[in-house]
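Participant: Coordinates for the following, if possible.
(chains A, B, C and D)
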There are 2 protein chains.
Amino acid sequence: MLLTKASEYALLSLIMISEKDFPQDVDTLSTKLGISKSFLAKILQSLAKENILKSFKGTKGGFLLAVDPEDITLRTIIESAEKKPTKVFECSLPDSKCPSGKEDFCKLLPVLTKLQMKIDLFLDKITLKDITEN
Amino acid sequence: MLLTKASEYALLSLIMISEKDFPQDVDTLSTKLGISKSFLAKILQSLAKENILKSFKGTKGGFLLAVDPEDITLRTIIESAEKKPTKVFECSLPDSKCPSGKEDFCKLLPVLTKLQMKIDLFLDKITLKDITEN
DNA sequence: ATATTTAGTACAATAATAGTCCTATTTTAA
DNA sequence: TTAAAATAGGACTATTATTGTACTAAATAT
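Facilitator: Residues are numbered from 1 along each chain as shown, chains lettered A, B, ... in the order given. Okay, the predicted model is just below:
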């Protein structure tokens, strides 16, 4: 699976947060989604660290979008939630064992890199606005 | 990560197997790749079960391609190795908690389904022949 | 016959994901 | 100015998926 629950929860929270113009707190959000409060808190904190969300402590605190929905791409959201880029594949063999043998390039890498590029392009093109509007 | 080592090893093995016209045994293949013999055996057995490979027991036994390289798609190989379709995402929330709320559809699903379709299309289009020839 | 090789299953180890818990800090508002 | 409400952060635990091992059975070439 390319995306984990961290991304799922991040995206669903962002949809909910973007609908309001006052901060949504983790307790409210996690209750609405029916998921763990602490886990969601960690995820939203990651999004805040990456400047997708602005966080407010204290009473009436919570999370607000830090930027316009059209400036937040799916890729940014997902990479922030997963705390690493979403990779199709990572070669695990040492060069010496690559069956490409004499030829000094891997036969697999070019095709999988092409797929990676397609995915990245897609995730870069879709913004939170695209998801929420309609 | 979309692909696990099972797919990586499956693909690399298929590249090697397709280069020979006599059966390649697991011991030889695993040694060449520098990976676990039993693990690779299980993977190749999966491929045989899905009729990607033909297996031969006994002395001089091993694995051979069961069909022409141009008839084996990346998707078939990967799904056989992973023993399940490669999914971008699987919704884990009950409908009642989906923040799409009143509207009875998920805002996330359409966009992620579109990505899934793009990936599937790509994996269906590439064959083992495309990978091996160069 | 026997050595070689795949088939199959049950098990074990490791790693990634998902989730919990506690304490500290900040902020609002009574 | 203090109490309550919230995020911040880190350490820890639990669960699940991946990766790998071990063993036994079945088939086959020589």
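Participant: hey, which helix is longest across chain A?
Facilitator: helix A:108-125 (DSSP state H).
Participant: Following the chain past it, name the next helix or strand.
Facilitator: Downstream of helix A:108-125, the next assigned helix or strand under DSSP states H and E is helix A:128-132.
Participant: Give me the neighbour count for residue A:127.
Facilitator: 19 (other CB atoms under 10 Å in any protein chain shown). (Each C-beta comes from the backbone N, C-alpha and C, glycine too.)
Participant: Tell me if I'm right that it and residue A:70 touch.
Facilitator: Yes. Counting by CB atoms under 8 Å, residue A:127 touches residue A:70, with 4.9 Å between them.
Participant: Relative to residue A:114, how far out is the most centrally placed residue in chain A?
Facilitator: Centroid-nearest residue in chain A, with CA atoms, centre = their mean: residue A:78, separated by 0.9 Å. Distance check for residue A:78 against residue A:114: by CB to CB, to the nearest Å, it reads 20 Å.
Participant: cool, residue A:99 as well?
Facilitator: 20 Å.
Participant: more crowded one of those two?
Facilitator: Counted by other CB under 10 Å, residue A:99 and residue A:114 do not tie: residue A:99 has more neighbours, with 19 against 13.
Participant: For the more buried one, give me its contacts.
Facilitator: Shown in contact with residue A:99 (CB atoms under 8 Å, 6 or more residues apart in numbering or on different chains): A:107, B:12, B:15, B:16, B:32, B:33.
Participant: can you tell me which residues contact the fourth one?
Facilitator: Read it as residue B:16. A:99, B:24, B:29, B:32.
Participant: Which strand or helix spans the last one?
Facilitator: So that's residue B:32. helix B:26-33.
Participant: Which secondary structure elements does that helix sit against?
Facilitator: The contact analysis (3 or more CB pairs under 8 Å, 6 or more residues apart in numbering or on different chains; DSSP states H and E) places helix B:26-33 against helix B:5-18, helix B:37-49, strand B:62-65.
Participant: right, and those - which one's nearest residue A:46?
Facilitator: helix B:5-18 (27.5 Å; CB to CB).
Participant: Quickly check: that closest one near DNA strand C or not.
Facilitator: No. On the criterion CB under 7 Å from any atom of the strand, helix B:5-18 is out of touch with DNA strand C, staying 10.2 Å away.
Participant: same check, this time on stretch A:54-64
Facilitator: Yes. Using CB under 7 Å from any atom of the strand, stretch A:54-64 reaches DNA strand C at A:56, A:57, A:58, A:59, A:60, A:61.
Participant: Reformat those residues as TSV; add pLDDT.
Facilitator: Shown next, in TSV, are the residues of stretch A:54-64 next to DNA strand C (pLDDT from 0 to 100):
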residue	pLDDT
A:56	98
A:57	98
A:58	97
A:59	96
A:60	96
A:61	98
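Participant: So which of these belong to strands?
Facilitator: Judged by DSSP state E, the subset of those located in strands is residue A:56.
Participant: Could you identify the buried members of the residues of stretch A:54-64 next to DNA strand C?
Facilitator: The neighbour-count test (16 or more other CB atoms under 10 Å in any protein chain shown) marks none of those as buried.
Participant: Between the residues of stretch A:54-64 next to DNA strand C, which sits nearest DNA strand C?
Facilitator: residue A:58 (2.6 Å; CB to the nearest atom of the strand).
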